[in-house]
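[1] just coords:
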């Protein structure tokens, strides 16, 4: 940990000798698109010791919108502005949320450690301080790629995030490799304890017109994002610094670094070319509809103590500021304070809260913040339930009862937030376990009102995402079913309504039974991991005519006819169209219930309707059965179910 003790002898010269030039404004100048304002200021270098351009200058730019909104956005030193570490360019990235004329005013100050001082009067004004200007933002581009058409991901008063100008969000992502940024195409990135990523199998997924640098150096990692997006994976988990951690191959610093962790490491100077390349990748991810789940720390003690010996000091504050200044403008980012905060050199809950508070103070848009556990979630995450600095729970568990317990605790606290199972470790993805994973985790988690990220059995060595294609397909089917058919943000777990089902064995010893997600009286989704005995759904007191249809989670499609029946009773769900021992989803909707406009209307109840008094023949194996009034009979009239 590089100690910052020096006298800023060059300040007086800088205050009197700078020639000031007008700022440059770049970007598409559309709502929710990045706008960059670049200023010409003092000449410096990313390794400068006398006056550290990252720590001893502070650029803050106040943006004022046409409706009166104000955003105080941190800026950063960007060398020559095109990736080289020497120059006089200082930038700020901003994401406007209104069309019309915006104005900006720069605050640029110099002084020892001024960048991490929250006092707006700290330091001395210099160079382009006070420079101002305006720019015009055009309206929302509904055809923009990825999240640019929907805007900022934000809390929506419940257990799901929502885009400001778009739909509610269900996270279904990849947790591996956590060292995604250990990539051979990035400058100054060397092999760690597990090699280095090339993502060579995904070069084939790079397309003409995609971003690249260094004559092909970006193709592997950009192609990997393309592939994940094509399989509807919409979240990516990535460490921003793993010095002293599992991989020891990711950091944003420019100076000398002992990758195992050391008090002599220079953690106060930043690698401009590498961070410029990270931004290219993050920008492409957002355009491909991939949310960024970015982690500041991981479990191992040397990693947790690398910055300021584990406290909130100068190094950590600067690290948070630099990452937020460079990447905080993206529309869909969650900032994770630490993987397994309670393991290794365990952070106390109070310390974690101080980290979250500092991040909240310097982030201009209201950061989405979380922290990840190692121990029992309800115990270890409990101290943060109800704390408004935390926006989502990031849980490591395969005990899915924890999801619903913490979801309820969050609701009861008055600060309901999403609950994500970001690791079901040690149940990592492995070839041949696709069906088990779908039945154990994917559908039970999503229909318990949670988010999910998969962890691979290859962990940090995960290189070819295509090896796990069936997992991504199954996850995409589940998310699409919910997003196309359910007002899921208004729904709650209702497992107590289901009885008499078959259970599916899980190697933890706790069998998985049927899962019910519902808006009582209106709409129900019932997941049956084993549909050989589908049981009954209690709709007592819920009058009306309901339609029932079967969804195949393996094919991602509805099968068979829609059946209508009367409610206000216990309803036998019956036998699915095929594969009665496989997993199925039963979709039930009250005829009078209108789906909200943000749900993609597909008119599932318009075709092949069968009224309550009619019957339908269907083939099961080599036998014919009769379905009448939501009950199953043999052709001889014997009630089967």
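    Yes, it's here. Here the structure is a predicted model, which is why all the values come from computation and not from measurement.

[2] make it CA atoms for all contacts and neighbour counts henceforth
    Noted.

[3] secondary structure class for residue 469?
    Under DSSP: H, G, I helix; E, B strand; the rest coil, the three-state class of residue 469 is helix.

[4] Count the residues that sit near the residue nearest to it when sequence neighbours are not counted.
    The shortest distance from residue 469 to any residue that is not its chain neighbour, by Cα to Cα, 6 or more residues apart in numbering, is 7.7 Å, and that residue is residue 231. Residues contacting residue 231 under the criterion other Cα atoms under 10 Å number 19.

[5] Could you list the low-confidence segments of the stretch 501-641 of the chain?
    The stretch 501-641 of the chain contains residues with pLDDT under 70 at 506-510, 579, 600-641.

[6] if you go through it in chain order, where are the helices?
    Taking DSSP state H, counting those that start in this stretch as the criterion, the stretch 501-641 of the chain contains no helices.

[7] Tell me which stretches of it form strands.
    The residue ranges that make up the strands of the stretch 501-641 of the chain, judged by DSSP state E, counting those that start in this stretch, are 515-519, 523-528, 536-538, 545-552, 557-566, 570-572, 584-590, 609-610, 615-620, 623-628, 631-634.

[8] Of the ones you listed, which is nearest residue 156?
    With respect to residue 156, and counting by Cα to Cα, the nearest of these is strand 515-519 at 17.8 Å.

[9] by how many degrees do that closest one and strand 584-590 diverge?
    Regarding strand 515-519 and strand 584-590, their directions subtend 20 degrees when assessed with axes from the mean of the first three to the mean of the last three Cα atoms, to 10 degrees.

[10] Run through the neighbouring helices and strands of strand 515-519.
    The contact analysis (3 or more Cα pairs under 8 Å, 6 or more residues apart in numbering; DSSP states H and E) places strand 515-519 against strand 492-493, strand 523-528.

[11] Next, the buried residues of stretch 140-151.
    Residues of stretch 140-151 classed as buried: 140, 146, 147, 148, 149, 150, 151 (neighbour count, 16 or more other Cα atoms under 10 Å).

[12] now that stretch, how far from the chain's geometric center?
    Using Cα atoms, centre = their mean, to the nearest Å, we find the averaged C-alpha position of stretch 140-151 to lie 18 Å away from the chain's own average C-alpha position.

[13] what's it in contact with?
    Contacts of stretch 140-151 from elsewhere in the structure, counted by Cα atoms under 8 Å, 6 or more residues apart in numbering, are 30-33, 97, 99, 163-167, 286-290, 331-332.

[14] Pick the most deeply packed of the helices and strands packed on strand 515-519.
    For the helices and strands packed on strand 515-519, the largest average neighbour count (mean count of other Cα atoms under 10 Å) is found in strand 523-528, namely a mean of 26.

[15] partner strands of that one, parallel or antiparallel?
    Strands flanking strand 523-528 in the sheet, each with its direction: strand 515-519 (antiparallel), strand 584-590 (antiparallel) (DSSP bridges).

[16] So what touches that strand?
    443-444, 447, 486, 501-502, 513-518, 534, 583-590, 593.

[17] what about 7 Å?
    443, 514-518, 534, 583-590 (Cα atoms under 7 Å, 6 or more residues apart in numbering).

[18] And for stretch 344-357?
    Taking Cα under 7 Å, 6+ apart as the rule, stretch 344-357 contacts 299, 300, 301, 304, 312, 341, 369, 383, 389.

[19] Try it again at 6 Å.
    Defining contact as Cα atoms under 6 Å, 6 or more residues apart in numbering, one finds that stretch 344-357 is touched by 299, 300, 301, 341.

[20] same deal with stretch 231-241?
    Here stretch 231-241 has contacts from 172-175, 178-180, 250-251, 289-296, 472, 476, using Cα under 6 Å, 6+ apart.

[21] Filter those residues down to the ones in helices?
    The helices in this structure, assigned by DSSP state H, contain 472, 476 from those.

[22] Would you check which pair of the buried residues of stretch 140-151 lies furthest apart?
    Of all pairs drawn from the buried residues of stretch 140-151, the greatest distance, 12.9 Å, lies between 140 and 146 (Cα to Cα).

[23] how about the helices in this structure?
    For the chain, the helices defined by DSSP H cover 11-17, 219-230, 272-287, 301-304, 314-327, 349-362, 377-380, 401-413, 434-437, 443-446, 469-485.

[24] Any chance of CSV for these, columns mean pLDDT, distance to residue 549 and mean neighbour count?
    Conversion of the helices of the chain to CSV gives the following (pLDDT from 0 to 100; distance: least, Cα to Cα, whole Å; neighbours: other Cα atoms under 10 Å):
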stretch, mean pLDDT, distance to residue 549, mean neighbour count
helix 11-17, 39, 72, 12
helix 219-230, 98, 28, 24
helix 272-287, 98, 35, 20
helix 301-304, 98, 51, 24
helix 314-327, 98, 44, 22
helix 349-362, 98, 45, 17
helix 377-380, 97, 36, 16
helix 401-413, 96, 26, 17
helix 434-437, 92, 22, 17
helix 443-446, 97, 17, 24
helix 469-485, 97, 12, 21
